[in-house]
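> Coordinates for the following, if possible.
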Amino acid sequence: MSDARQLLGIKGASETSNVWKLRLQLMKPITWIPLLWGVICGAAASGNFHWSLSNLLASFACMMMSGPLLAGYTQTINDYYDREIDAINEPNRPIPSGAISLNQVKIQILALLFGGLLVAYGLDLWAGHSTPSVLLLALGGSFVSFIYSAPPLKLKQNGWLGNYALGASYIALPWWAGQALFGQLTWITALLTLAYSLAGLGIAVINDFKSVEGDRALGLQSLPVVFGIKKASWISAGMIDFFQLAMVVVLIIIGQHLASVILILLIIPQMTFQDIWLLRDPLEFDVKYQASAQPFLILGMLVTALAIGHSPLINML
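Now for the predicted structure:
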């Protein structure tokens with residue numbers, strides 16, 4: 001089990017001297033899942049995805065850009081700038097343990113960044129974009145990732161702003177990339193996904209529970225530090241539920257009633273798992289909560305995306 005945690009990049013991982021396993025641990029593959037799914041949602045919301053080999057290969061390349069490359073870049077640069085915090089919270093992680101050198105980490109950061117940007121440019125060429133929209137999204141997301149982790153801005157120092165930046169990066173950006181690749185990214189869809197990203201803010205709070213000791217020691221104002229563990233767990237659950245329910249209202253307004261019912265049915269088990277895991281002991285059960293509740297969240301995203309892609313009202317705007 002600890003070996004699996006090591007490969008996924010989550011807390012409680014076993015130690016290793018294999019440099020490639022260390023590099024993978026820095027990239028935190030467990031965090032790629034919502035980004036891969038976000039690309040699928042964007043493709044669905046475009047209303048223009050067709051089942052062909054060319055489209056499948058393009059979507060796979062877009063998922064590689066969003067997940068392993070740019071999310072891997074995000075996670076690696078975050079570990080680089082969080083090495084003092086990790087020395088308190090998770091001293092066995094690759095950087096604070098000394099298992100990998102800082103120069104090796106810097107090379108990994110640059111390789112993942114430029115690899116992601118190169119794939120983004122190739123996708124724009126494939127789609128025939130006159131404006132390189134996928135590349136611009138990749139550049140914007142990479143910049144947000146940098147200022148989230150790096151001083152002097154270091155957005156993660158502010159619990160609300162940092163968590164929203166993270167939530168938008170995990171929900172809105174890959175959705176936009178998928179939609180821009182296969183269709184047109186409209187302002188109404190952009191606004192809806194930014195609103196959906198407020199649910200992602202609640203998810204981002206969960207990642208702060210494991211770091212509360214180091215955040216408090218170094219003066220970072222994460223929500224668990226500011227409000228305490230218990231209140232922060234309620235804030236997290238409330239944000240996740242409220243903004244998904246807001247999407248239910250949006251689906252009703254645009255005439256997608258079946259999708260709104262399905263989304264409600266997917267929210268109910270999330271609330272159940274919040275009661276079982278998140279609200280009782282988020283420090284102990286954060287991984288169990290995410291493993292049990294996240295599938296319903298991402299399925300809800302796909303239901304919403306399909307409804308948007310097939311809504312005559314949205315397509316008219």
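
> quick one: residue 308 and residue 189 touch, right?
Yes: applying CB atoms under 8 Å as the test, residue 308 and residue 189 come out as touching, 6.2 Å apart. Bear in mind the C-beta positions are built from the backbone N, C-alpha and C, glycine included.

> which one of those two has more residues nearby?
residue 308 (29 against 23; other CB atoms under 10 Å).

> any idea which element the more buried one lies in?
helix 282-309 (DSSP states H and E).

> what's the angle between the helix or strand harbouring residue 191 and helix 282-309?
For residue 191, the element it lies in under DSSP H and E is helix 187-209. In terms of direction (axes from the mean of the first three to the mean of the last three CA atoms, to 10 degrees), helix 187-209 departs from helix 282-309 by 170 degrees.

> residue ranges with poor pLDDT in the stretch 1-150 of the chain?
1-15 (pLDDT under 70).

> Do you have the strands of it handy? List them.
Assigned by DSSP state E, counting those that start in this stretch, the stretch 1-150 of the chain shows no strands.

> Between residue 308 and residue 189, which contacts overlap?
Shared contacts of residue 308 and residue 189, defined by CB atoms under 8 Å, 6 or more residues apart in numbering, are found at 45, 314.

> residues contacting residue 235?
Residues near residue 235 by CB under 8 Å, 6+ apart: 202, 205, 223, 227.

> ok so, going back, mean confidence for the helix holding residue 308?
Per-region confidence: helix 282-309 scores 90 on mean pLDDT.

> What is that helix packed up against?
Counting contacts by 3 or more CB pairs under 8 Å, 6 or more residues apart in numbering; DSSP states H and E, helix 282-309 packs against helix 33-46, helix 159-182, helix 187-209, helix 229-253, helix 257-273.

> coming back round to it: now list the buried members of the contacts of residue 235.
202, 205, 223 (16 or more other CB atoms under 10 Å).

> With respect to residue 171, which of these is nearest?
residue 202 (11.1 Å; CB to CB).

> Kindly provide the distance from residue 88 to residue 138.
Distance, residue 88 to residue 138, using CB to CB, to the nearest Å: 33 Å.

> nope, residue 245 is what I was after
Taken as CB to CB, the span from residue 245 to residue 138 is 32 Å.

> Residue 184 too?
18 Å.
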